[in-house]
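Visitor: predicted coordinates and the sequence they were generated for:
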Amino acid sequence: MKALYDVPAPAKLNLFLHITGRRADGYHLLQSAFMLIDWYDTLHFEQRADGLISREDLGAPLPEDDLTVRAARALQAASRTPYGAHISIDKRLPAQAGMGGGSSDAASCLLALNRLWGLNLPLSVLLPIGLKLGADVPFFLAGRNAWVEGIGEILTPINLPPARFVVVKPPQGLDTRLIFAAPDLKRDTETAILSGFAANSVAEADSDVFGFGKNDLQPVAQRLCPGVSQALEWLESQGLQGRMTGSGSAVFAQILHQAGRDGEQQALPETGSGKWQVRQCNNLDAHPLWGWAPSDNYR
């Protein structure tokens, strides 16, 4: 039986997230910088000859028709392969955190099954499949840190200096739809220029690039989820300047040399509503599966 085991699906952080407008169809136009970090889900794939797609949850339980299953079925339909797969997922990334966990799982699924099934489809074929699954999926497929525009589908690879971060996920999650539907969401941030961002991206761990811009979703998120404010206050108490990532409830801060405190050993607020997650992470230069699909016209 053909199989691929221990396939990683890394998280991402939004270094900033600006909403610059809104399309006629209601989709928001954004600018962001997506950065991969070394916090992973792990997936295992076994080929099935009967064409069925099945899934087993090794960690936190997932919805029956999650993005990974949908990704497998979408690739089946696009390639007309006769094969199926049994997918096992060790879910470690928190849900509704703004870290792209579900999208990353879907992208790793597409890349792994493209290899397991012997399809050898290039990124130019996989990217549109991924975009139909979710706006963040193409980023994880492309496999490089990126300047992101449009509704999340326009990607320009960027280089970032190596750095270390502390990520804090409150017990509560956030529903993306509630944030984007909020009437007080700022939707008119001035468009930034990639060269202005890149000018801060020098090859030093304490580069200003990690403090560029802001997250326009954060004020609404703090109103909807008190845990976001608590997490930011906790980071400040550790001498760290935090901000929210994406549209979820996780916040992060770069650990500078002078901070010198291990966030994993500090006490967090007692909320009585679940478990806080705190983790120190390094950023990644590229996705661990980068190169698993021919890059053709994407560089």
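Guide: Sure thing, it's come through.

Visitor: any idea what Val7 is bridged to?
Guide: Residues in a beta bridge with Val7, per DSSP bridges, are Leu43.

Visitor: for it, what are its contacts?
Guide: With contact set as C-beta atoms under 8 Å, 6 or more residues apart in numbering, Val7 has these partners: Thr42, Leu43, His44, Phe45, Ser108, Leu111, Ala112, Leu289. Using the backbone N, CA and C atoms, a C-beta is placed for each residue, glycine as well.

Visitor: one more time with 7 Å
Guide: Each residue near Val7 by C-beta atoms under 7 Å, 6 or more residues apart in numbering is listed here: Thr42, Leu43, His44, Phe45, Ser108, Ala112.

Visitor: how about the helices in the protein?
Guide: Per DSSP state H, the chain carries helices over the ranges 67-79, 101-116, 123-133, 137-142, 176-181, 194-198, 218-224, 226-237.

Visitor: kindly reformat these as JSON lines containing distance to Leu15.
Guide: Shown next, in JSON lines, are the helices of the chain (distance: least, C-beta to C-beta, whole Å):
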{"stretch": "helix 67-79", "distance to Leu15": "24"}
{"stretch": "helix 101-116", "distance to Leu15": "17"}
{"stretch": "helix 123-133", "distance to Leu15": "21"}
{"stretch": "helix 137-142", "distance to Leu15": "13"}
{"stretch": "helix 176-181", "distance to Leu15": "18"}
{"stretch": "helix 194-198", "distance to Leu15": "9"}
{"stretch": "helix 218-224", "distance to Leu15": "13"}
{"stretch": "helix 226-237", "distance to Leu15": "16"}
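
Visitor: mean pLDDT added to those helices, as JSON lines?
Guide: Below are those laid out as JSON lines (pLDDT from 0 to 100):
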{"stretch": "helix 67-79", "mean pLDDT": "98"}
{"stretch": "helix 101-116", "mean pLDDT": "98"}
{"stretch": "helix 123-133", "mean pLDDT": "95"}
{"stretch": "helix 137-142", "mean pLDDT": "95"}
{"stretch": "helix 176-181", "mean pLDDT": "90"}
{"stretch": "helix 194-198", "mean pLDDT": "78"}
{"stretch": "helix 218-224", "mean pLDDT": "95"}
{"stretch": "helix 226-237", "mean pLDDT": "94"}
